[in-house]
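[1] I need the structure of the sequence given here:
(chains A and B)
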Amino acid sequence: MSQLRHQMLPEETHDELARENFVQALKSHIATRVSPGIREVYEHRARDRWLEENGREPSDRHEVREALSGDDFYRLWSSVRRSSQHLLWSSVADTVVRQADELAARAAPASDALGSLRLDPDLQIPWYNADVDIHAMPGGYRGEYIDSDVFAGAVYDRGVYVYAMGQMGELNDDYGHSILDHLLRAKHPQFTPTRILDVGCTVGNATLPYVDAFPDAEVHAIDLGAPVLRYAHARAESLGRAVHFSQQNAECTDFPDGHFDLIVSHIVLHELSPAALRRVLAESRRLLAPGGMMVHGDFAGYAGIDPLTQAMIDWDTHNNHEPFWGPMRDMDLVAESLAVGFRADAVELVDVPTGRVLQTGKQSAGQLRLLVGTA
Amino acid sequence: MDGATTPQAQPVDGRRFPTKARGARPTFFDDEGATDAVVSIVTALAAEVWALHERVASLEAVLEREGVVGSGAVESYRPQGEEAEASAAAAKAFTARVFRVFEEMREEVVAGETSQSYEAVVARAYDEVRKPEEE
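    Sure, this is the predicted structure:
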């Protein structure tokens, strides 16, 4: 399956496409043929070295990381993994830079738009989105380098597709479908929201399935970055979906109390600082109408996972520009939801399968853990 | 909101867009990033070699199909269906060759082979030079 060629998607040259193919092959090779070596290195020498120096085995993921960090196999593996991340973004960015002016011109909002775009040039970008560009994407979500810049949006849209090796579907919309198919339709078939908010929408890739699922609903989507929102708006318009995009901080939006029946987010929680995450939950509570639902989809926490596996997952926290990846996994999201006013019997964690491949019944691709709260 | 906003990533002279993300790149070796830079260069080089490979493969396929290379024929060629699958499999095999060293290292780890254990063999050999085995 290849990515759906909507009007905003940048076009690769032959060699740019070949480099993207290489990045995918490299990432897959590292995951299947190199990464298993870390467990071997740990069990055959790193753990013993640490035991010799400390008189006991490493007891948590931080000590496991310490035990591994001096090992040269671990260092080289880390270095190659990090390089593959740079190669991913630079390969995609080359394509976008070449077409940056044309894409910016193409994104200019039309007067007969189905949805809308509202930007706030005075919005303060919070520290957790400003100090470190998440997952090492050059310029992050908010960098603007030319007039009406959409660079970040184009790099993200194509980069995510290459990163996920197409497993998020031809429109990178799989996480939206996972929530719709495996939670809302499966467990709440009568639930018909009239106003929906997608929080941290980037290019609106997971937003659009909600437009199709609830054709009578008004769909809103917010993000911190202007360039991703310009891109998101143009992308949604070119795909014929009505979405109202606005540049806002999800911790403190300008929507009135009880404005939404459904608030969703897709792999956004792990890009927030823990304090900001708490404020986003509180804001979700404020924005929900009685009987409304919040569904924040992200990856499962560390609880119940052995220290070595935790350390492997936590590699990204320290080495892949994902500083909140580990901290989010240490949070008790149910307790945090209760602390901001959700009722104890109205909050739960639900695991749902992801991957278009899986939804067709063929092959497992992954799992998303949903924090579900009803107002 | 807590904390001040950090300026966005800025490109170096001669570029319109930045090449890296805001926030320091991690280093994994104790040589001020030199080994990590070499790893990056080799990884990028591997991508270039692969791009060349794909270009040649496309060229051959186009030549075979059309008998002659017209203007833009190679550039616009995209493997589809079985061809795309074969190309993906070839990319996997190619990657396995380039990164074979990791699997060699894994074999060493599991076997417990170290430079010390190798040197022990050399030392034993020298030992035997100096002290011929008693008959």
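
[2] please tell me I have it right and A:Tyr302 contacts A:Asp330.
    Yes - under the criterion of CB atoms under 8 Å, A:Tyr302 makes contact with A:Asp330 at 6.0 Å. Quick note: C-beta positions are derived from backbone N, CA and C, even for glycine.

[3] gap between A:Val350 and A:Gly304?
    Taking CB to CB, to the nearest Å as the measure, A:Val350 and A:Gly304 are separated by 16 Å.

[4] of the two, give the one with the bigger neighbour count.
    A:Val350 (16 against 7; other CB atoms under 10 Å in any protein chain shown).

[5] residue contacts, the residue nearest to B:Phe99 when sequence neighbours are not counted?
    Of all residues not flanking B:Phe99 in the chain, A:His29 sits nearest, at 5.9 Å (CB to CB, 6 or more residues apart in numbering or on different chains). Listed by CB atoms under 8 Å, 6 or more residues apart in numbering or on different chains, the contact set of A:His29 reads B:Lys92, B:Thr95, B:Ala96, B:Phe99.

[6] also A:Asp157?
    Residues near A:Asp157 by CB under 8 Å, 6+ apart: A:Met8, A:Leu9, A:Asn172, A:Val203, A:Asn205, A:Tyr231, A:Arg235.

[7] now, which of those sits nearest A:Gln24?
    Of all those, A:Asn172 has the smallest distance to A:Gln24: 14.8 Å, by CB to CB.

[8] domains of the chain?
    Using chain A here. Following automatic domain parsing, chain A resolves into domains at A:14-110, A:151-374.

[9] oops, wrong one, chain B.
    B:30-98, B:100-135.

[10] now do the buried residues in the shortest one.
    What it means is domain B:100-135. For domain B:100-135, a neighbour-count test (16 or more other CB atoms under 10 Å in any protein chain shown) marks B:Phe102, B:Met105, B:Arg106, B:Glu108, B:Val109 as buried.

[11] turn those into a markdown table, including secondary structure, pLDDT and distance to A:Ser69.
    Listed next are those as a markdown table, based on DSSP: H, G, I helix; E, B strand; the rest coil; pLDDT from 0 to 100; distance: CB to CB, whole Å:
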| residue | secondary structure | pLDDT | distance to A:Ser69 |
| --- | --- | --- | --- |
| B:Phe102 | helix | 82 | 18 |
| B:Met105 | helix | 80 | 17 |
| B:Arg106 | helix | 84 | 18 |
| B:Glu108 | helix | 79 | 19 |
| B:Val109 | helix | 83 | 16 |
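
[12] contact partners for the nearest residue in space to A:Ala375 that is not next to it in sequence?
    Nearest residue to A:Ala375 in three dimensions, chain neighbours excluded: A:Leu288, at 3.7 Å (CB to CB, 6+ apart). Taking CB under 8 Å, 6+ apart as the criterion, A:Leu288 is in contact with A:Gly258, A:Phe260, A:Asp261, A:Ile263, A:Met294, A:Ala375.

[13] A:Leu288 and B:Glu82: what is the separation?
    From A:Leu288 to B:Glu82 the distance is 51 Å (CB to CB).

[14] so A:Ser327 sits right up against A:Ala276, yeah?
    For residue A:327 the amino acid is Pro, not Ser. No - applying CB under 8 Å as the test, A:Pro327 and A:Ala276 come out as separate, 10.9 Å apart.

[15] with neighbour numbers in mind, choose between these two.
    A:Ala276 (21 against 14).

[16] measure that one to chain B for me?
    Going from A:Ala276 to chain B by CB to the nearest CB, to the nearest Å gives 9 Å.

[17] ok, now A:Asp173?
    Distance, A:Asp173 to chain B, by CB to the nearest CB: 22 Å.

[18] what score does that residue have for pLDDT?
    Looking at A:Asp173, its pLDDT stands at 95.

[19] how many neighbours does it have?
    Per other CB under 10 Å, the neighbour tally for A:Asp173 reads 22.

[20] for it, grab phi and psi.
    Dihedral pair for A:Asp173: phi -110, psi 10, per degrees, to the nearest 10.
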